[in-house]
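Novice: got a sequence here, can you build the structure:
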Amino acid sequence: MDWSINVPTLESHHPTLRKVTQYVLQNMNDLLTLEDLAQAASVTTFYLCRLFKEHFNLSPMKWLWLQRTWAAGAYVTAKKEFCLTDIAFACGFSSSAHFSRLFKQVFGVSPSKFRKEKCDCGLESFCLTLENKFLTVRYTEFNCFSQ
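Specialist: Numbering: from 1, shown residues only. So this is what the prediction gives:
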């Protein structure tokens with residue numbers, strides 16, 4: 001099956017954060033730790049946490065789970081032939097229950113309902129807005145990631 005898709009990302013122009021973004025996109029389905037992200041960017045975990053807080057107002061791990069959830073949302077709408085469990089595991093979730101719970105927190109509906117209701121909307125429905133020098137999430141809708 002063809003898994004290629006354009007995944008929306010919350011990214012920055014900062015070179016260290018771009019390295020982390022690329023690493024995550026290339027290793028989306030692997031078990032990733034904070035240490036893995038820091039090592040991929042050749043920085044300390046402390047520095048990486050500080051950068052994420054400064055640029056996204058999120059911890060690196062919250063950012064990672066948000067990326068995985070957005071990727072899953074993209075697959076749910078664009079790849080209707082894939083079952084939701086396969087999408088969950090391909091995006092790095094360790095269980096269907098964790099996937100469904102986080103998906104509902106981020107998008108407000110279950111993955112199956114999202115597939116039925118949003119399949120014609122495209123990726124614009126992910127509520128990304130350009131604000132200042134980086135992309136931010138509308139925190140009112142993504143309250144599970146608010147600080």
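
Novice: any regions of the chain where pLDDT drops low?
Specialist: 1-12, 118-147 (pLDDT under 70).

Novice: now the helices: where do they sit in it?
Specialist: Assigned by DSSP state H, the helices in the chain fall at 15-26, 34-41, 45-56, 60-78, 84-90, 96-107, 111-118.

Novice: buried deepest among those helices, which one?
Specialist: Among the helices of the chain, ranked by average contacts under mean count of other C-beta atoms under 10 Å, first place goes to helix 60-78 (a mean of 21). In short, each C-beta sits where N, CA and C put it, glycine included.

Novice: for it, packing partners?
Specialist: helix 15-26, helix 34-41, helix 45-56, helix 84-90, helix 96-107, helix 111-118 (3 or more C-beta pairs under 8 Å, 6 or more residues apart in numbering; DSSP states H and E).

Novice: just the C-alpha atoms of that helix, please, in CSV.
Specialist: Presented in CSV, the C-alpha positions along helix 60-78 are these (Å, rounded to 0.1, in the frame of the first residue of the first chain):
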residue,chain,number,x,y,z
PRO,A,60,9.0,18.2,23.0
MET,A,61,7.0,15.2,23.9
LYS,A,62,3.6,17.0,23.7
TRP,A,63,4.8,18.4,20.4
LEU,A,64,5.6,14.8,19.3
TRP,A,65,2.2,13.5,20.2
LEU,A,66,0.5,16.4,18.5
GLN,A,67,2.6,15.6,15.3
ARG,A,68,1.5,12.0,15.5
THR,A,69,-2.1,12.9,15.9
TRP,A,70,-2.0,15.4,13.0
ALA,A,71,-0.4,12.7,10.9
ALA,A,72,-3.1,10.3,11.8
GLY,A,73,-5.7,12.9,11.0
ALA,A,74,-4.2,13.3,7.6
TYR,A,75,-4.2,9.6,7.0
VAL,A,76,-7.7,9.2,8.3
THR,A,77,-9.0,11.7,5.7
ALA,A,78,-6.7,11.0,2.8
